[in-house]
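Student: 3D model of this:
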Amino acid sequence: MTGRKETDESVIDIDVAQAGDGPAVIALWDACGLIRPWNDARADFALALDTPTSTILIARDKQAIVASVMTGFDGHRGWVYYLAVAPDRRRGGHGRAMMAAAEQWLRGRGVPKLQLMVRDDNEAVLGFYAALGLERQNVVTLGRFLKDDQ
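Tutor: Numbers count the residues shown, from 1 in each chain. Below is the predicted model of the structure:
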């Protein structure tokens, strides 16, 4: 799950995020366009670190955080969220390395299947995941906000 991973461009260190990494990780998510007004990224970060069935993995090149992925197990399936690679580091293997680390984390917990959600108009990201062997599933995602302020 963690350790040094060789990418197309360099060697990066992947490790579990710590609370102090929050501002840098959230800034990365923002730079990658992953934050939405209805999701509190700070709360998402804190909850992932505080819940034993989830984590956030980060990649560092030297001291800079250049990639991250949130992953967790809901008791039925493994999920991936917030896969982010710094815009100036894309197409160098960092995304593949982060997905491999997330899959390894999930496999280590006996998770039988990985799932993730991508906005249906995000063709570039859909292509990235297809190249990794992920397939579109025949499901519709439904949702409702549970907070009164949404």
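
Student: If you count neighbours, what's buried in the helix or strand that contains Gly127?
Tutor: Per DSSP states H and E: Gly127 is located in helix 123-131. Buried positions in helix 123-131, judged by neighbour count with 16 or more other Cβ atoms under 10 Å: 128-129. Using the backbone N, CA and C atoms, a C-beta is placed for each residue, glycine as well.

Student: name the helices or strands packed onto that helix?
Tutor: On a contact count with 3 or more Cβ pairs under 8 Å, 6 or more residues apart in numbering; DSSP states H and E, helix 123-131 meets no helix or strand.

Student: That one - what's its average pLDDT?
Tutor: Helix 123-131 carries an average pLDDT of 82.

Student: For it, output the C-alpha coordinates as PDB.
Tutor: Presented in PDB, the C-alpha positions along helix 123-131 are these (Å, rounded to 0.1, in the frame of the first residue of the first chain):
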ATOM      1  CA  GLU A 123     -14.700  11.600 -21.000                       C
ATOM      2  CA  ALA A 124     -11.000  12.000 -20.200                       C
ATOM      3  CA  VAL A 125     -11.400  10.500 -16.700                       C
ATOM      4  CA  LEU A 126     -13.700   7.700 -18.100                       C
ATOM      5  CA  GLY A 127     -10.900   6.900 -20.600                       C
ATOM      6  CA  PHE A 128      -8.300   6.800 -17.800                       C
ATOM      7  CA  TYR A 129     -10.300   4.300 -15.800                       C
ATOM      8  CA  ALA A 130     -11.100   2.200 -18.900                       C
ATOM      9  CA  ALA A 131      -7.400   2.000 -19.600                       C
END
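
Student: I'm done for today, thanks for sticking with me.
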